[in-house]
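Participant: Predicted model and sequence below, questions to follow.
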Amino acid sequence: MLEPDGSVRNRIHDTRGTGWAVAAPASGFGGWGGFYNSWDFLDPTIAFSATIARDTAASNQDVVVVGITRYNTVTGAATHQTYALDTDTAYAAGTYPSMPGSGQVDLFPNQILCYGTYLFVAVSRYVYVFRADTLAYIARYTVPFSEEVQGFAGVTKGGEDFLLVLSTGHVSTDGPIEADSGGAPEERYGEFYRCHVRKLRLNYTNFAARTPVAGGGTPLTSLYMPQGTQSGDDGYEDHLTFRFAEWSFARPRGCLAYSIAAEIDADGMIAVYVARTNQGFGYDGNQSDQRPDGQAPYITCCKAVLTRAFEVGAPTYMSPSVPVRYGLSVDAGGWERDSGRSLRRAFSHGSNTYQNDIPAISGGVRNPHDTDNEPSVWAVALDTTNRRVFFAGRRPSLAGAGANVYCMDADNGDLLWTLDTKGIVQQNALAVDPTTGNLVVGMSRTSGWEMPDGTTNSPKAEMLTVDGATGLVLRHFDLTDTINYNGILSESITTGCYAVSVNSLGQSLISLNPCRYDT
């Protein structure tokens with residue numbers, strides 16, 4: 001944790017676990033990378049961190065679990081610790097249910113977020129729900145039509161709290177989704193076509209006091225949103241969510257979306273900003289007009305207006321050609337843009353090779369974390385006060401320099417400035433300081449990032465503070481010498497900052513991976 005002046009206030013390290021031995025020269029520390037964090041929704045002195053871990057005391061199969069810590073930043077001490085496990089059984093923090101001897105799966109989370117009085121964890125196709133005050137596990141919600149929950153954003157309207165869940169689509173070949181006939185590696189059209197935002201209401205036993213429901217209760221209720229297809233239309237499914245493949249200018253092509261930010265303005269307009277791949281497949285990529293071949297516009301950054309979904313009497317179907325306070329079109333108040341010129345990487349599909357930034361499938365797995373398999377933009381952060389939205393990811397070239405942080409006008413999508421950090425900005429490593437409007441950028445530790453004078457003769461760093469209005473670097477951080485809690489793992493993980501969050505006091509949470517050493 002850093003103070004607004006950049007000084008280190010707290011160092012938090014989760015020492016629990018039984019797997020992934022630390023290699024020499026470990027000196028008593030080591031363990032898990034802190035890839036995720038969140039501030040408490042109500043109390044700026046309470047923070048949360050999450051790790052990828054193993055612990056046979058909690059999971060007898062030694063599968064990957066999510067280590068969660070709640071800590072007080074005044075005392076610097078953890079108040080509660082628990083794990084997210086592959087179970088529906090509710091349990092108190094640190095007290096785990098009996099787990100089956102087989103069938104448990106690895107849980108690799110994508111984001112944690114405290115909203116209201118709950119802590120949410122995005123894992124696989126689930127939303128895990130914990131009490132924010134005690135970390136008691138309440139329940140997990142299975143997101144329909146989802147392959148992987150990528151992120152969350154919260155909004156409050158009419159005295160109720162809502163969670164907007166961003167998911168890539170389920171890969172099953174049912175309904176309108178066709179199987180790939182193009183040969184190995186087999187593409188999963190549903191992952192793109194079903195990519196969506198879902199609206200969930202947070203339930204409380206007392207809404208005014210935001211009293212959480214009991215363990216085993218129902219903390220989330222899915223509420224319908226207008227969809228852009230109806231029975232009889234090509235590609236129709238009864239999903240009642242916001243699908244990019246139905247509302248984008250590139251429809252029926254969908255996308256893979258990785259990060260989301262949301263706002264509700266003084267007039268009641270509700271909008272989300274999403275980082276996505278620049279191309280995608282439709283429900284049947286065997287058809288020539290549903291392929292990521294560049295015939296549809298390249299889109300990496302977008303704003304979707306969702307206001308109608310929160311209004312009384314909202315329809316279950318709305319025509320994308322006649323939007324009413326809903327959708328991605330300019331008429332609805334939204335926009336779709338490419339971040340300058342996004343990455344054009346060779347992407348093989350059957351006998352064809354396209355140019356896009358879709359993470360390729362290798363060995364049956366689509367891993368956007370693999371080197372040179374990343375999407376162009378991976379993270380998004382919103383400054384509602386100054387009407388700026390920021391996107392970041394990797395350089396738009398596999399070999400050369402180029403901007404990878406972009407500032408856009410939140411209202412119309414116009415590009416305001418760009419910055420080249422050289423180091424990749426991960427999915428959760430972008431945040432706005434609400435006290436200054438400046439941008440905090442976490443990245444892979446590197447030299448060669450763009451200096452204020454435009455040169456790249458810069459020292460090593462893994463985090464930057466950037467002027468939100470101009471894009472000039474105000475401060476850089478090489479935390480390796482300052483934060484030395486982590487050792488060296490026997491596996492290769494890119495050294496860097498994986499998540500940042502800034503609270504209402506201008507204090508920053510910085511999540512670091514396990515490989516902490518100078519080279």
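Facilitator: Alright, I've got the coordinates. Numbers count the residues shown, from 1 in each chain.
Participant: Relative to residue 237, how far out is residue 323?
Facilitator: In this view, residue 323 and residue 237 are 20 Å apart by CB to CB, to the nearest Å. C-beta here means a position set from N, CA and C on the backbone, and glycine is covered the same way.
Participant: Contacts for stretch 77-92 next, please.
Facilitator: Stretch 77-92 has contacts (CB atoms under 8 Å, 6 or more residues apart in numbering) with 12, 14, 16, 46, 53, 55, 58-59, 63, 65-72, 93-94, 96-97, 99, 104-105, 107, 109, 121, 123, 128, 130, 134-140, 214-216.
Participant: Which ones among the residues you listed map onto strands?
Facilitator: 46, 53, 65-72, 109, 121, 123, 128, 130, 137-140 (DSSP state E).
Participant: Which PyMOL command selects the buried ones in the contacts of stretch 77-92?
Facilitator: Applying 16 or more other CB atoms under 10 Å to the contacts of stretch 77-92, the buried members can be selected in PyMOL as follows:
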select buried, resi 12+14+16+46+53+55+58+59+63+65+66+67+68+69+70+71+93+96+99+104+107+109+121+123+128+130+135+136+137+138+139+140+215
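Participant: May I have the distance across stretch 384-392, first residue to last?
Facilitator: 18 Å (CA to CA, to the nearest Å).
Participant: Could you do stretch 451-468 as well?
Facilitator: End-to-end for stretch 451-468, by CA to CA: 15 Å.
Participant: What are the buried residues along that stretch?
Facilitator: Within stretch 451-468, the residues that count as buried by 16+ other CB under 10 Å are 458, 460-468.
Participant: and if you look at stretch 148-161?
Facilitator: Here stretch 148-161 shows 148-155, 161 as buried, counting by 16+ other CB under 10 Å.
Participant: In strands, which of the residues you listed fall?
Facilitator: Those of the buried residues of stretch 148-161 lying in strands (DSSP E): 148-155, 161.
Participant: quick check, nearest of those to residue 257?
Facilitator: Within those, proximity to residue 257 (CB to CB) peaks at residue 150, which comes in at 6.4 Å.
Participant: Would you confirm that the closest one contacts residue 275?
Facilitator: No: judged on CB atoms under 8 Å, residue 150 makes no contact with residue 275 at a distance of 9.4 Å.
Participant: Find residues that contact each of these two.
Facilitator: Residues touching both residue 150 and residue 275 (CB under 8 Å, 6+ apart) are 257-260.
Participant: Skipping its backbone neighbours, what lies nearest residue 413 in space?
Facilitator: residue 335 (3.7 Å; CB to CB, 6 or more residues apart in numbering).
Participant: First-to-last residue distance for stretch 263-282?
Facilitator: End-to-end distance (CA to CA), stretch 263-282: 29 Å.
Participant: quick one, what contacts the closest residue to residue 60 other than its chain neighbours?
Facilitator: Spatial nearest neighbour of residue 60, chain neighbours left out: residue 99 (5.4 Å); criterion: CB to CB, 6+ apart. Counting by CB under 8 Å, 6+ apart, residue 99 touches 58-61, 85-87.
Participant: quick one: which of those residues sit in helices?
Facilitator: Secondary structure assignment by DSSP state H places none of the contacts of residue 99 in helices.
Participant: what ranges of the stretch 1-150 of the chain fall below the confidence cut-off?
Facilitator: 18-33 (pLDDT under 70).
Participant: One more pass at 80, please.
Facilitator: Applying pLDDT under 80 to the stretch 1-150 of the chain flags the ranges 13, 15, 17-34.
Participant: hang on, the earlier thing: among the buried residues of stretch 148-161, which one sits closest to residue 345?
Facilitator: The closest of the buried residues of stretch 148-161, once distances to residue 345 are taken by CB to CB, is residue 150, at 20.3 Å.
Participant: gap between that closest one and residue 344?
Facilitator: Distance of residue 150 to residue 344, given as CB to CB: 23 Å.
Participant: same thing with residue 476?
Facilitator: Look at residue 476 and residue 344: by CB to CB, they are 30 Å apart.
Participant: next one: phi and psi at the closest residue to residue 398 other than its chain neighbours?
Facilitator: With sequence-adjacent residues excluded and distances taken as CB to CB, 6+ apart, residue 398 is closest to residue 372, at 5.5 Å. In terms of degrees, to the nearest 10, the main-chain angles of residue 372 are phi 70, psi 20.
Participant: Can you get me a residue count around residue 372?
Facilitator: By other CB atoms under 10 Å, the residues close to residue 372 number 11.
Participant: Residue 382 now?
Facilitator: If we define neighbours as other CB under 10 Å, then residue 382 has 23 of them.
Participant: Identify the bridge partners of it.
Facilitator: Judged by DSSP bridges, the bridge partners of residue 382 are residue 389.
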